[in-house]
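Student: I would like to see how this sequence folds:
(one chain, ligands or ions: 1)
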Amino acid sequence: MSYLQNVLEQLKEKNAEQPEFIQAATEVLTSLEPVIAQHPEYEKAALLERLVEPERTIVFRVPWVDDNGKVHVNRGFRVQFNSAIGPYKGGLRFAPNVYLGIIKFLGFEQIFKNSLTGLPIGGGKGGADFDPTGKSDGEIMRFCQSFMTELYHHIGAETDVPAGDLGVGAREISYMFGQYKRLKNVYEGVLTGKGLPYGGLSGRTEATGYGVVFFAREMLKHFGETIEGKTVVVSGFGNVSWGTVQKLNHLGAKVLTISGPDGYIYDPDGVSTKEKEDFMLELRASGKNICAPYAEKFPNAKFFPGEKPWGVKADLYIPCATQNEIGMKEAEVMVKNGCKFICEAANMPTTNDAMAYLMENGVVFGPAKAANAGGVACSCIEMGQNAGHTVFSPEQVYEQLEKIMINIHDNAAAASEKYGLGYNLVAGANIAGFQKVADAMMAQGIV
Ligand code: GLU
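Tutor: Numbering: from 1, shown residues only. Reported below is the predicted structural model:
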């Protein structure tokens, strides 16, 4: 058995209860085969064994009191996965299905994503099995304060810098920031995604979505095509979808769908006006986690309850909702419908077998860890802004974001080419992201 297969086998055995983590690690490690073959020194240094084991995992109690005085207890997590190239960096996810396996898959992906940005940030992720749906503002605040009352021991501007993810937006970040500052008596950029008056970065909110579209634009350009005039199927309706829809509209594409846990919306006129973009924000702010009201507000649109949008024909597909939203069943329909391009915006939205099937059938695939890295890249710019006690203009941010996304695309394409894999952005992103972290780990000794 090869070194790589051996590590994978051990990993599956040790983490049998964490299928999402196994999925993410398998996807990355298998595409490293040609790199590992050229570097026998990695085995001696147990590099891969160290890479798949988080440096530190913190699991903690989060007690809080609801509006009726009832006490609840949730479980909080922070996985500090890898600090070889910078302080741990990655979001916090509040969702009822959060457990260690989800946080570890996200943290593992974050190592390579953050490396791909070219910026000095390590990989981490956290969150809680807390369901924000239907909670009052006061309940959200008390939960965030309790969560931070434990987390603050373990983070800091030079140690670990959390941000948002599903269920955690500017409101939650702000409550956590307020509590951190109170407990530590330090005003520092310990969280990113803050509000503009207290250290937040102009453009951070839309950065992930804008970055995804810049990445998709580079993919299309490789085949001599443009975003302009393309039809696009988008899933989700939250922050990432919103930024994605906005930038697609800027570039002249037509967005046919958005979706939520309750079903999907098909809008034959396109989710194309400012009013429609703003309504996505309203849907999110309602705290109900449903997209159906879009079809009431815009009667030309149709709501398909309980369904996903992947059966709708389009030139480009951008999954923005959550992990594993495209499985084999969806992939088969997409191939039958002549799908040519997929650019992932959510983290790991495609299962490994679906991804392989889509690529075997000629679909050009932009992997999440490359395509959605614009969010965390701008988070790192926010860290720089805070550390330098300064403020950047939106133009400065957008310009850097665009350059970073073009670089990520080009580096992934070049890494794939270097190992004789043609234009395979999945393998290329894994290889390019890995190489920098591997070099740093080898240089820093057995730690
Ligand atoms: N949660 C986002 C991601 O998956 C952003 C993380 C950050 O800004 O630290 O990359």
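Student: quick one: contacts of the helix or strand where Phe303 lies?
Tutor: Secondary structure from DSSP states H and E places Phe303 in strand 302-305. For strand 302-305, the external contacting residues (C-beta atoms under 8 Å, 6 or more residues apart in numbering) are 262-267, 291-292, 294-295. The way it works is simple: take the backbone N, C-alpha and C, and place the C-beta from them, glycine included.
Student: now these in a markdown table, with pLDDT?
Tutor: Output for the contacts of strand 302-305, formatted as a markdown table (pLDDT from 0 to 100):
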| residue | pLDDT |
| --- | --- |
| Asp262 | 97 |
| Gly263 | 98 |
| Tyr264 | 98 |
| Ile265 | 98 |
| Tyr266 | 98 |
| Asp267 | 98 |
| Cys291 | 98 |
| Ala292 | 98 |
| Tyr294 | 98 |
| Ala295 | 98 |
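Student: which two among the residues you listed are spaced furthest apart?
Tutor: Taking C-beta to C-beta as the measure, the contacts of strand 302-305 reach their widest spread between Asp262 and Asp267, a distance of 15.8 Å.
Student: neighbours around the closest residue to the ligand within the stretch 1-150 of the chain, how many?
Tutor: Closest approach of the stretch 1-150 of the chain to the ligand (C-beta to the nearest ligand atom) occurs at Gly91, with a separation of 2.8 Å. Neighbourhood size, Gly91 [other C-beta atoms under 10 Å]: 26.
Student: how about the one 4 residues further on?
Tutor: Burial of Ala95 is recorded as 19 neighbouring residues (other C-beta under 10 Å).
Student: surely Glu41 meets Met442?
Tutor: Yes - look at Glu41 against Met442 with C-beta atoms under 8 Å: they come within range, at 7.2 Å.
Student: tell me who's in contact with the closest residue to the ligand within the stretch 251-400 of the chain.
Tutor: Closest residue of the stretch 251-400 of the chain to the ligand, C-beta to the nearest ligand atom: Ser379 (3.3 Å). Residues in contact with Ser379 (C-beta under 8 Å, 6+ apart) are 89, 121, 161, 163, 192-193, 201, 204.
Student: go again using 7 Å as the cut-off
Tutor: 89, 163, 192-193, 204 (C-beta atoms under 7 Å, 6 or more residues apart in numbering).
Student: among the residues you listed, which ones lie close to the ligand?
Tutor: By C-beta under 6 Å from any ligand atom, the members of the contacts of Ser379 lying near the ligand are 89, 163, 192.
Student: for the first one, give me the backbone phi and psi.
Tutor: Backbone geometry at Lys89, expressed as degrees, to the nearest 10, gives phi -150, psi 130.
Student: near the nearest residue to it once chain neighbours are set aside, how many other residues are there?
Tutor: Of all residues not flanking Lys89 in the chain, Ile121 sits nearest, at 3.9 Å (C-beta to C-beta, 6 or more residues apart in numbering). Summarising burial for Ile121: neighbours were counted as other C-beta under 10 Å, giving 25.
Student: these two touch, right, Ile121 and Cys380?
Tutor: Yes - Ile121 lies in contact with Cys380 (C-beta atoms under 7 Å); the separation is 5.2 Å.
Student: list the residues that contact both of these two?
Tutor: Counting by C-beta under 7 Å, 6+ apart, the contacts common to Ile121 and Cys380 are Lys89.
Student: about what we covered before: got a list of what the residue nearest to Lys89 touches?
Tutor: Contacts of Ile121 by C-beta under 7 Å, 6+ apart are 86-87, 89, 114, 376, 380.
Student: likewise Gly238?
Tutor: Arg284.
Student: how about the residues of the protein near the ligand?
Tutor: With C-beta under 6 Å from any ligand atom as the criterion, the chain comes near the ligand at residues 89-91, 113, 163, 165, 192, 347, 375-376, 379.
Student: can you tell me which of the contacts of Ile121 are buried?
Tutor: 86-87, 89, 114, 376, 380 (16 or more other C-beta atoms under 10 Å).
Student: for those, which one is nearest Gly287?
Tutor: Of all the buried ones among the contacts of Ile121, Gly287 sits closest to Val376, with 25.3 Å by C-beta to C-beta.
Student: right, and that closest one touches Gly118 too?
Tutor: No - contact between Val376 and Gly118 fails when scored by C-beta under 7 Å: they sit 11.6 Å apart.
Student: quick check: Glu109 is in a helix.
Tutor: Yes - when DSSP: H, G, I helix; E, B strand; the rest coil is applied, Glu109 is found to be in a helix.
Student: what about the residue of the stretch 251-400 of the chain closest to the ligand, which helix or strand?
Tutor: Using DSSP H and E, Ser379 falls in helix 373-387.
Student: next, the buried residues of that helix.
Tutor: For helix 373-387, the neighbour count (16+ other C-beta under 10 Å) marks 373-383, 385-386 as buried.
Student: just stretch 404-419 next, same as before
Tutor: So, applying 16+ other C-beta under 10 Å, buried residues of stretch 404-419: 404-405, 408-409, 411-413, 415-416, 419.
Student: and Pro34, what helix or strand is that in?
Tutor: Applying DSSP H and E, one finds Pro34 within helix 33-38.
Student: can you point out the buried residues in the host helix or strand of Gly243?
Tutor: Assigned by DSSP H and E, Gly243 falls within helix 239-250. For helix 239-250, a neighbour-count test (16+ other C-beta under 10 Å) marks 239-249 as buried.
Student: stretch 150-159 too?
Tutor: Within stretch 150-159, the residues that count as buried by 16+ other C-beta under 10 Å are 150-152, 154-157.
Student: ok, those vs the ligand, which is closest?
Tutor: Nearest to the ligand, judged by C-beta to the nearest ligand atom, of the buried residues of stretch 150-159 is Ile155 at 11.9 Å.
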